[in-house]
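Participant: pasted the sequence and its predicted model underneath.
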Amino acid sequence: MLLKLGILLLMMMLVYLTLFNLSSQYILVKKITRKNFNSALIDLRHQVREADFVSVDLEMTGVTTAPWRESLVFDRFDILYLKIKDSVENFAVVQFGICPFCWDASKDSFIAHPYTFYIFPRKELQFDAPAYEFLCQTASMEFLAKYQFDFNACIREGVSYLSRAQEATALSRLNSSNQDDESSNEGWRLKEGGDAELVSFADILFTERMKERISQWRNSLLSNTKGVQSEENSNDLNAKFQTVFFKMRPSIRLDGFTSRQHRLIQQVIRKHFKDLAYVRTVDDKYLKQKLVVYTDSDEDRRLLMKEVKTELCKGAELKVNAAVGFRHVVDLLSSEGKLVVGHNCFLDIAHIYNKFIGPLPSTVEEFATLVHKEFPFIIDTKYLLKADNVIKNLMKRNSTSLSSAFLYLCPQLASIRSSPFLAVQSCVKVEVQVDDMSSSDWNSGAKHEAGYDAIMTGCVFAQVCSHLGVDFKSSPSEGLIQNEKLQKYLNYVYISGRDGAIIDLGTGKEFPEPFDLYDRLRQRNKVVFQNIVVLWGFHSNFKPKDMKECLTKVFGLGSVTSVYYLDETAAFVQFSKEKFVSDFLTVKESLEKANDVISVVHPLAKLLEGGKTRAAPYEAYKEICSSSASQILFAEQAETVNRRQKIREVEFKHKSGSEESCDEMQSTSRHHLPFEELIDVCSTGSQ
């Protein structure tokens, strides 16, 4: 009996511990949508200003538009950026996680405030601009769904936004519209400065009726009598002529008229009523309204128009400011100049700049300059985990993925209480602070929710700082950015998801990994970009060993160091010498021109079979990657870019009317634009 009771108690304890561990693995993360955005922004402003650092994480609708756009070992530093640029310009951000961390000396702990913002690029301003479009990658959407992403909350309640560039464009357009309205108010927007044409009997009849109706209304004002209404005025017309006061002046509110009828009313006012003004303005709900306003003098009319113009401009600014939405959060991060922490965050940074600041520039150097201006202090925790010997020894062979680093470095926070990871003893305390707002605003965060990943990133950063000897107790808000132990890690970010290229955001230059992994990768593959030819359009059953065999028969054993397929339609061929690149292109040109018995039995005949095989130097690959075209197969992408380039040539010939000018242009562009070389090489080989 006692044995059974003991077993029962043991089982109850195990269940309790299991439930405790499971429940404590969740961290409360505040969910932000349109409904609570404004109140959350007020809290966030205070928390960011007090923060010692702010961690961020983003969730997107996709990563790559085609398999060949993934980061490859044969991708040069500048091409990796072009691939990320393509990803950022095609996919949307749907969640933005942000978590300010503030050191509380009284608790000897960091206080964290994690937020998950659902954002959605909704069209808030109704001017002549298309609705936003973006791509969704199936794998990414399935990944989000797997981790219970709330698509309804995102699409229906996500916070919209305008980038700074979009805001400037919107203000320009709305101000231009307001100027048009001001012109309309003065009656200037008539065809060629004159009267609107009365193109039908209906126009003539309408004009005369308006003249009579407005005259009756005006006369009634001047005689201080009730408005006289003729029998022909229908109830419908009276409904459209509603007498109101506008800025303490008697007015008629014009409702229910067509744009053509408004144009005719403007003409009637301008020609026949010098003391009346046609006014376009907006009401408190930003809805446009049109009025005929009585003014008792020219000065009164001038003052009216000035007031209307001022209100229109103010209303436009308020409307655009409301549409800025989530961008206020990014502006807050930028203006406060806080240390921003992310994990493998180059893609996140590129999305932040593109979505909330402006279009991405064409070069990685320019991008780094622009980003550094907005966010001068960035730390990539993935780089931090791999760049210091102390941390490398601590991590040993553990993965540097965010979830793995969090489990290993933050076992108390991750609540893995009976795990061997407890060998990591010095765990910096982090307390998640929950406010008194409605519980519906809080979620039990889970992995791959942006706010949860943001707090994991911040926790990992805090633990690494502790192991590096950073003392949070001695003025961390002043010391973290200037701390000499962190200085050598500032602004070094992995530029791609894989290990390899690192960018110094302070200079825009490629930075070799301190542990030389990237150098070892390149040494192992002996990547020499000037020795590479890009091939596409060959038969799909043509294998790498077949390609290498064909080429070595022509150029000798050891002439080809590697063959690397981008996809089933294209490959990189790296020769052992740069000279072989031009030799290959020359031989290809000769064989394609000859089309004789020798070309048929030549070792390259199998590679060139079908007449669709194209080849170009490595620089052409950069031009193909920089194109906005988005073809799934590389061969189709290259041909699309090729066709577009030829179209530009045809347009130039048409404009110049001179073959000589076109030849001159082609000669010059070959020197400056490597892809022009590709156009010729595709069909004729090397120049």
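Facilitator: Thanks, I have it. Residues are numbered from 1 along each chain as shown.
Participant: from what I can see residue 490 touches residue 372, true?
Facilitator: No: if you go by Cβ atoms under 8 Å, residue 490 and residue 372 don't touch, sitting 10.5 Å apart. C-beta coordinates here come from the backbone N, C-alpha and C atoms, glycine included.
Participant: overlap of the contact sets of the two?
Facilitator: Between them, residue 490 and residue 372 share these contacting residues under Cβ atoms under 8 Å, 6 or more residues apart in numbering: residue 506.
Participant: next secondary structure after the helix or strand residue 407 falls within?
Facilitator: Assignment of secondary structure by DSSP states H and E places residue 407 within helix 402-409. Beyond helix 402-409 in the direction of the C-terminus, DSSP H and E gives the next helix or strand as helix 411-414.
Participant: residue 472 should be in a strand, yeah?
Facilitator: No: when DSSP: H, G, I helix; E, B strand; the rest coil is applied, residue 472 is found to be coil, with no strand at that position.
Participant: that one and residue 466, how far apart?
Facilitator: 8 Å (Cβ to Cβ, to the nearest Å).
Participant: and residue 584, how far is that from residue 457?
Facilitator: Between residue 584 and residue 457 the distance is 47 Å, computed by Cβ to Cβ.
Participant: ok, residue 594 next?
Facilitator: With the distance defined as Cβ to Cβ, residue 594 ends up 61 Å from residue 457.
Participant: which one's more surrounded, the two?
Facilitator: Just comparing residue 594 and residue 457: by other Cβ atoms under 10 Å the higher neighbour count belongs to residue 457, 27 against 12.
Participant: got phi/psi on the residue lying closest to that one once chain neighbours are set aside?
Facilitator: In space, not counting the residues next to it along the chain, residue 457 is nearest to residue 55; the distance is 4.3 Å by Cβ to Cβ, 6 or more residues apart in numbering. Here is the backbone geometry of residue 55 (degrees, to the nearest 10): phi -100, psi 150.
Participant: over to residue 254?
Facilitator: Taking degrees, to the nearest 10 as the convention, residue 254 sits at phi -100, psi 110.
Participant: what's opposite the residue nearest to it when sequence neighbours are not counted in the beta bridge?
Facilitator: Take residue 254 and drop its neighbours on the chain: the residue closest to it by Cβ to Cβ, 6+ apart is residue 290, 4.5 Å away. Beta-bridge pairing for residue 290 (DSSP bridges): residue 254, residue 280.
Participant: top helix in the protein by residue count?
Facilitator: helix 298-324 (DSSP state H).
Participant: related to what we said a few turns ago, so the residue nearest to residue 457 touches residue 98, yeah?
Facilitator: Yes: using Cβ under 8 Å, residue 55 is in contact with residue 98, at 7.5 Å.
Participant: shared neighbours of those two, anything?
Facilitator: residue 454.
Participant: please enumerate the strands of the stretch 551-687 of the chain.
Facilitator: In the stretch 551-687 of the chain, the segments counted as strands under DSSP state E, counting those that start in this stretch are 560-567, 570-575, 614-617.
Participant: ugh, wrong one, I meant the stretch 401-550 of the chain
Facilitator: In the stretch 401-550 of the chain, the segments counted as strands under DSSP E, counting those that start in this stretch are 430-432, 442-445, 492-494, 502-504, 509-511, 532-536.
Participant: pick out the shakiest of those, pLDDT-wise.
Facilitator: Of all the strands of the stretch 401-550 of the chain, strand 442-445 carries the lowest average pLDDT, namely a mean of 57.
Participant: helix, strand or coil: sort out residue 368 for me.
Facilitator: helix.
Participant: what about it, distance to residue 511?
Facilitator: In this view, residue 368 and residue 511 are 11 Å apart by Cβ to Cβ.
Participant: what is in contact with the two at once?
Facilitator: Shared contacts of residue 368 and residue 511, defined by Cβ under 8 Å, 6+ apart, comprise 503, 504.
Participant: more neighbours: these two, which one.
Facilitator: residue 368 (23 against 19).
Participant: list the contacts of that one.
Facilitator: Under the criterion of Cβ under 8 Å, 6+ apart, the contact partners of residue 368 comprise 503, 504, 505, 506, 507, 508.
Participant: excluding its backbone neighbours, what's nearest the first one?
Facilitator: Leaving out its chain neighbours, the residue that sits closest to residue 503 by Cβ to Cβ, 6+ apart is residue 495, at 4.7 Å.
Participant: what about stretch 357-371, distance to the chain center?
Facilitator: Using Cα atoms, centre = their mean, to the nearest Å, we find the averaged C-alpha position of stretch 357-371 to lie 12 Å away from the chain's own average C-alpha position.
Participant: and if you look at stretch 635-647?
Facilitator: 26 Å.
Participant: give me the neighbour count for the closest residue to residue 510 other than its chain neighbours.
Facilitator: Using Cβ to Cβ, 6+ apart and skipping the chain neighbours, the partner closest in space to residue 510 is residue 77 (4.4 Å). Residue 77 sits with 16 neighbouring residues when counted by other Cβ under 10 Å.
Participant: okay, now the sheet partners of the longest strand along the chain, with direction.
Facilitator: Here the longest strand in the chain is taken by residue count, with DSSP state E as the criterion, and it is strand 93-104. Paired neighbours of strand 93-104 in the sheet (DSSP bridges): strand 53-60 (antiparallel), strand 109-112 (antiparallel), strand 115-118 (antiparallel).
Participant: of all the ones you listed, which lies closest to residue 90?
Facilitator: When the strands paired with strand 93-104 are ranked by distance to residue 90, counting by Cβ to Cβ, first place goes to strand 53-60 at 9.9 Å.
Participant: before we move on, the earlier item: of all the strands of the stretch 551-687 of the chain, which one is nearest residue 42?
Facilitator: Ranking these by proximity to residue 42 (Cβ to Cβ) places strand 560-567 first, at 49.8 Å.
Participant: okay, domains of this protein per the record?
Facilitator: 2-161+325-515, 173-312, 524-644 (automatic domain parsing).
Participant: of all the ones you listed, which one is nearest residue 319?
Facilitator: Closest approach to residue 319 among the domains of the chain is made by domain 173-312 (5.5 Å; Cβ to Cβ).
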